[in-house]
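Asker: the sequence and its predicted three-dimensional model are supplied below.
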Amino acid sequence: MEPVIELNNVWKIYKTGSIETPALRGVNLVVGRGDFISIMGPSGSGKSTLLNIIGLLDKPTRGEVRLAGRDISKLSGREMAYYRNYYLGFVFQRFNLVGRLTVRENIELPLIARGVPRSERLRMVVKALSMAGGDESWLEKKPTQLSGGQQQRVAIARAIVGNPLILLADEPTGNLDRASAKVVMETFQALNSRGLTIVLVTHDPEVANCSERIYVIRDGTIIESREPVKSRCITKTVGG
Ligand SMILES: Nc1ncnc2c1ncn2[C@@H]1O[C@H](COP(=O)(O)OP(=O)(O)OP(=O)(O)O)[C@@H](O)[C@H]1O
Ligand SMILES: [Mg+2]
């Protein structure tokens, strides 16, 4: 399988004044095109740090990170922005939608950054929202007029509207009830079956079990790689 993400001996040391916090200590990870992996581990173990480094939101202190074969430490600022926009989609625990914009405007944001014309944008927004399990009637609403589960579907639509290579999700079900979490994981599985590579951070075993491989991180090191128990994926365990 062609690797789309490769981490070789990645370290991240945060420096706050004279205090150094090693958040990642020599992480090695290979994610192939079309893989769906989840990362589990206790609070403070380095999960978000790892995801932010893969997502070009943060830089490693040392070690090599390759995305789609390119060493990202060698990218210029402009190329980094290009990679973030064209290669990566992000979903967060707190949705991170822009409150003053409508649902349509939120989902359009990555397309505006690319200069996609208005007529084409609307078509892409409608398609992405539908793939994310959302409804066209939400388009002109503000995010606060929707439930948490609905807002997360909008955030997923925004993450996939530009057809990224990789979807990165940090606790996407952390603020949701079980029924909404189930919808999110059904969407992720459907997107993955269409070829999207997914890296998911979660505390929830029933969410991790929906992926194809589970990595466990502790104190900044991956200590275990295991198969999920598919019968204990939330899409199977929650009714409705
Ligand atoms: N910007 C920062 N400056 C200093 N230390 C940081 C920073 N971000 C994270 N850390 C520290 O790095 C370590 C890993 O943090 P990280 O956010 O990656 O953990 P996490 O596994 O995502 O935890 P959680 O499950 O609570 O979200 C922690 O000790 C944290 O305090
Ligand atoms: Mg975190």
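Answerer: Done, it's in. Numbering: from 1, shown residues only. Ligands and ions are numbered 1, 2, ... in the order given.

Asker: for the residue nearest the centre of the chain, name its beta-bridge partners.
Answerer: Centroid-nearest residue in the chain, with C-alpha atoms, centre = their mean: Leu168, separated by 1.7 Å. In this structure, Leu168 bridges to Phe90, Val199 when assessed by DSSP bridges.

Asker: which residues are in contact with it?
Answerer: Leu51, Ile54, Gly55, Leu88, Gly89, Phe90, Val91, Val199 (C-beta atoms under 8 Å, 6 or more residues apart in numbering). For glycine as for every other residue, the C-beta is placed from the backbone atoms N, C-alpha and C.

Asker: just the C-alphas of stretch 220-239, formatted as PDB.
Answerer: Output of stretch 220-239 as PDB, limited to C-alpha atoms (Å, rounded to 0.1, in the frame of the first residue of the first chain):
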ATOM      1  CA  GLY A 220       4.500  10.300  23.700                       C
ATOM      2  CA  THR A 221       5.300   6.800  22.400                       C
ATOM      3  CA  ILE A 222       3.100   4.300  20.500                       C
ATOM      4  CA  ILE A 223       3.100   1.200  22.700                       C
ATOM      5  CA  GLU A 224       0.600  -1.000  20.900                       C
ATOM      6  CA  SER A 225      -1.000  -1.600  17.500                       C
ATOM      7  CA  ARG A 226      -4.000  -3.900  17.500                       C
ATOM      8  CA  GLU A 227      -7.000  -5.000  15.500                       C
ATOM      9  CA  PRO A 228     -10.400  -3.500  16.300                       C
ATOM     10  CA  VAL A 229     -13.300  -5.600  17.500                       C
ATOM     11  CA  LYS A 230     -15.700  -4.700  14.700                       C
ATOM     12  CA  SER A 231     -18.700  -6.100  16.500                       C
ATOM     13  CA  ARG A 232     -18.100  -3.500  19.200                       C
ATOM     14  CA  CYS A 233     -18.100  -0.500  16.800                       C
ATOM     15  CA  ILE A 234     -20.800   2.000  17.800                       C
ATOM     16  CA  THR A 235     -22.600   1.600  14.500                       C
ATOM     17  CA  LYS A 236     -23.400  -2.000  15.700                       C
ATOM     18  CA  THR A 237     -23.800  -1.400  19.400                       C
ATOM     19  CA  VAL A 238     -26.200   1.600  19.300                       C
ATOM     20  CA  GLY A 239     -29.800   1.100  18.100                       C
END
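
Asker: what about it, near ligand 1?
Answerer: No. Under the criterion of C-beta under 6 Å from any ligand atom, stretch 220-239 makes no contact with ligand 1; the nearest approach is 7.1 Å.

Asker: for Ile214, what are its contacts?
Answerer: So Ile214 contacts Ile37, Ser38, Ile39, Met40, Ala208, Glu224, Ser225, Arg226, Glu227, Pro228 (C-beta under 8 Å, 6+ apart).

Asker: of the contacts of Leu168, closest to Ser180?
Answerer: Closest approach between these and Ser180, by C-beta to C-beta: Val91, at 13.1 Å.

Asker: nearest residue to the closest one other than its sequence neighbours?
Answerer: In this structure, Val91 finds its nearest non-sequential neighbour in Ala169, 4.1 Å apart by C-beta to C-beta, 6 or more residues apart in numbering.

Asker: let me know the pLDDT of that neighbour.
Answerer: What the model reports as pLDDT for Ala169 is 98.

Asker: how about it, what does it touch?
Answerer: Phe90, Val91, Phe92, Ala159, Phe188, Ile198, Val199, Leu200, Val201.

Asker: how about a cut-off of 10 Å?
Answerer: 38, 51, 89-93, 152, 155-156, 159, 184, 188, 198-202, 207 (C-beta atoms under 10 Å, 6 or more residues apart in numbering).
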